[in-house]
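S.K.: One predicted model, sequence on top.
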Amino acid sequence: MMDYKERRRFMRMETECKMTYRLPQSDEVYSGVCHNLSGAGLLFSTDRPLETGKALEINICPASNVTPPLEAFVEVLRVEEKNPGNYEVAAEIKAIKS
C-alpha cells in the first residue's frame, strides 16, 4: 500500500455552491459555481474566460443558511477550458471582506 501525505497547508472542502464574482471597480457581476474551497483558495467554474493574475471580488452563497456567505478578494492562478464555454478557475484567497 502506498502512503499518501497531504502537502497542502489547508484541507479542501468539496462543495457545489452558487457564487458571483466581479473585477474590482467594475459594476458587472458574473456567476459561477464553487466546486471546492480551502483556507487558501477555491476552484470554481464559469462560462467566461478569465486571465491568470487578475484580481476578483467573490461572493460564495452556501446552500444552507447555517453558514454565512463568503466575500473575499482572490487572484486567478489557473484557467482551464473544460468544455466549449465552460472554464475551470483556480484562485488564491488574498483577503476576506469584513
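M.R.: Arrived safely.
S.K.: Identify the residues contacting the longest strand anywhere in the chain?
M.R.: Under DSSP state E, the strand in the chain containing the largest number of residues is strand 70-83. Applying CB atoms under 8 Å, 6 or more residues apart in numbering, the contact partners of strand 70-83 are 24, 37, 41-42, 45, 49-60, 62, 87-97. Every residue, glycine included, has its C-beta placed from N, CA and C.
S.K.: now do stretch 21-38
M.R.: 8, 10-20, 42-46, 48, 54-60, 70, 73, 88-89.
S.K.: send the alpha carbons of that stretch over as CSV?
M.R.: Taking Å, rounded to 0.1, in the frame of the first residue of the first chain, the C-alpha atoms of stretch 21-38 are listed here in CSV:
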residue,chain,number,x,y,z
TYR,A,21,-17.6,37.5,-9.0
ARG,A,22,-16.6,40.8,-10.5
LEU,A,23,-13.4,42.7,-11.3
PRO,A,24,-12.6,45.3,-8.7
GLN,A,25,-14.0,48.8,-9.6
SER,A,26,-16.5,47.1,-12.0
ASP,A,27,-20.2,47.0,-11.7
GLU,A,28,-20.6,43.9,-13.9
VAL,A,29,-21.3,40.8,-11.9
TYR,A,30,-20.8,37.3,-13.3
SER,A,31,-22.0,33.9,-11.9
GLY,A,32,-20.2,30.6,-11.3
VAL,A,33,-20.3,27.5,-9.2
CYS,A,34,-17.7,26.9,-6.5
HIS,A,35,-16.6,23.3,-6.5
ASN,A,36,-14.1,23.3,-3.6
LEU,A,37,-12.8,25.6,-1.0
SER,A,38,-9.9,25.7,1.4
